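>>> Show me the folded form of this:
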Amino acid sequence: MKKTVWVLVVTLLLVLILGLLCAWVSRNTVSSMKEKTALIAGLIQTQEYEEALEETKNLSSQWERRGELLQIWTVHEDADEVTVLLEILSVSLEEKEGLHALLACAELEQSIEHLYHRDALKLQNFF
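Down below sits the predicted model:
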């Protein structure tokens, strides 16, 4: 009986630590990506499309590095949506379509936010 209790306690502790680690990685990735998205939107508003495209490429490479890791514990549709919106943003910037690029930035920011908030360790997500 004692052995079963200890196994249960250790397992619960490991699951909690793993959950907190995953939440920390998600939160840091999301905050970093949101900052870059805001920077890109600012560059679009000042019509600096080349700089915005360069930042979008940097953001895409950051997403490629972290996206596969995040897909282990996040909703796959949310991660796929970020990938698609990054491509839409890149194409809009290449074509210098400011309005479409700003719309893509707004949608991208919302999708990035979903990566963390949908799976965050919060009471509302338990129920």
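
>>> Any stretches of this protein with poor pLDDT?
When residues are selected by pLDDT under 70, those of the chain lie in 118-127.

>>> helices or strands next to the biggest helix by length in the chain in the packing?
Longest helix in the chain by number of residues, with DSSP state H as the criterion: helix 2-45. Where contact means 3 or more C-beta pairs under 8 Å, 6 or more residues apart in numbering; DSSP states H and E, helix 2-45 is packed against helix 49-70, helix 98-117. Where C-beta positions appear, they are placed from N, C-alpha and C, glycine not excepted.

>>> I figured Glu51 was touching Leu43, is that so?
Yes: look at Glu51 against Leu43 with C-beta atoms under 8 Å: they come within range, at 5.1 Å.

>>> Would you indicate which residues of stretch 40-59 are buried?
Using 16 or more other C-beta atoms under 10 Å as the test for burial, stretch 40-59 gives 40-41, 43-44, 49, 52-53, 55-56, 59.

>>> Return the closest of those with respect to Gly98.
Closest approach between the buried residues of stretch 40-59 and Gly98, by C-beta to C-beta: Ile44, at 5.7 Å.

>>> So the closest one versus Thr56, what's the distance?
In this view, Ile44 and Thr56 are 10 Å apart by C-beta to C-beta, to the nearest Å.

>>> ditto for Trp63
10 Å.

>>> Now do the shared contacts for Ile44 and Thr56.
Leu93 (C-beta atoms under 8 Å, 6 or more residues apart in numbering).

>>> Common neighbours of Trp63 and Thr56, please.
With C-beta under 8 Å, 6+ apart as the test, Trp63 and Thr56 both reach Leu86.

>>> Check the gap between Ser32 and Lys3 for me.
Here the criterion is C-beta to C-beta. By it, Ser32 lies 44 Å from Lys3.

>>> who's more crowded, those two?
Remark: of Ser32 and Lys3, Ser32 carries more neighbours, 14 against 7, as counted by other C-beta atoms under 10 Å.
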